[in-house]
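Chemist: A predicted structure for the sequence below; I have some questions about it.
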Amino acid sequence: MIKISSLAHVYEKGRRLKFPYWEIADMEHWLLLGASGSGKSTLLNIISGLLEPSQGEVLINGTDLYTLPARGRDRFRGRHIGIIFQRPHLIRSLDVFDNLALSAVMAGLPVDHERNLSLLHDLGIGELAKNYPDQLSQGQLQRVSVARALVNKPDLLIADEPTSSLDDENANQVIQMLTTQAKDNGAALIIATHDRRVRDHITKTYLL
């Protein structure tokens, strides 16, 4: 279960964002909606343990994320949270297969090469396993990001505009992959999006 309460963040220039109470049960799928600048990415970064809030708490399966030391929070995130950013953030000097393996290594988990290759094939990019990020299209990079987020079978899967650079066929494939993998792994799913194609698949919404 994920729960946020009394959550707010103040930026250096004085802008203050407040986020209403939100509770996400195990395996629930949610859309995070709101206009540009409403704080969707900020909230996702806070829930992911990447941005410490000015006040409030984030509980994930009973763990208060921001009572953990920085290194412990990184380890917790690696083992329990899968993130698909708007930009891929892949290691350019590593091929696709090694980028996926690195996710397990950084979390202190064994590398499951068979699972990683299966994820790539499920997303239609199995033949790109030995390619480097600068050899891939934007859509291919996005699908690699989805695979990387799923590597460690996270309890919580977070996606920030995961279909923004994809055509209809690949967008549908990614949405189906996210929802199916979340269900198969017993994970909760949060998708921040402006894409109406995503709204056809998920009914629960949290509006900023």
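Modeler: Thanks, I have it. Everything quoted here is computed from the prediction, not taken from an experiment.
Chemist: which SSE is immediately downstream of the strand ranked longest in the chain?
Modeler: Scanning the chain for the strand with the most residues, using DSSP state E, yields strand 2-10. The element immediately downstream of strand 2-10 (helix or strand, assigned by DSSP states H and E) is strand 16-19.
Chemist: got the buried residues for the helix or strand that comes right after that following strand?
Modeler: Sequence-wise, the next helix or strand downstream of strand 16-19 (DSSP H and E) is strand 22-24. Residues of strand 22-24 classed as buried by neighbour count (16 or more other Cβ atoms under 10 Å): 22, 24. The way it works is simple: take the backbone N, C-alpha and C, and place the C-beta from them, glycine included.
Chemist: try stretch 186-204
Modeler: So for stretch 186-204, counting by 16+ other Cβ under 10 Å, buried means 187-193, 195, 198, 202.
Chemist: now do stretch 129-141: distance from first to last residue.
Modeler: Start and end residues of stretch 129-141 are separated by 12 Å (Cα to Cα, to the nearest Å).
Chemist: and the contacts of it?
Modeler: Residues outside stretch 129-141 that contact it (Cβ atoms under 8 Å, 6 or more residues apart in numbering) are 88, 90-97, 99, 117, 120, 125, 128, 144, 165-167, 170.
Chemist: so which elements touch the longest helix anywhere in the chain?
Modeler: The single longest helix within the chain, with elements called by DSSP state H, is helix 168-184. Contacts defined by 3 or more Cβ pairs under 8 Å, 6 or more residues apart in numbering; DSSP states H and E place helix 168-184 against helix 138-150, strand 156-160, strand 188-192, helix 196-199.
Chemist: now for these, which one comes closest to residue 174?
Modeler: In terms of Cβ to Cβ, the element of the helices and strands packed on helix 168-184 nearest to residue 174 is helix 138-150, at 5.7 Å.
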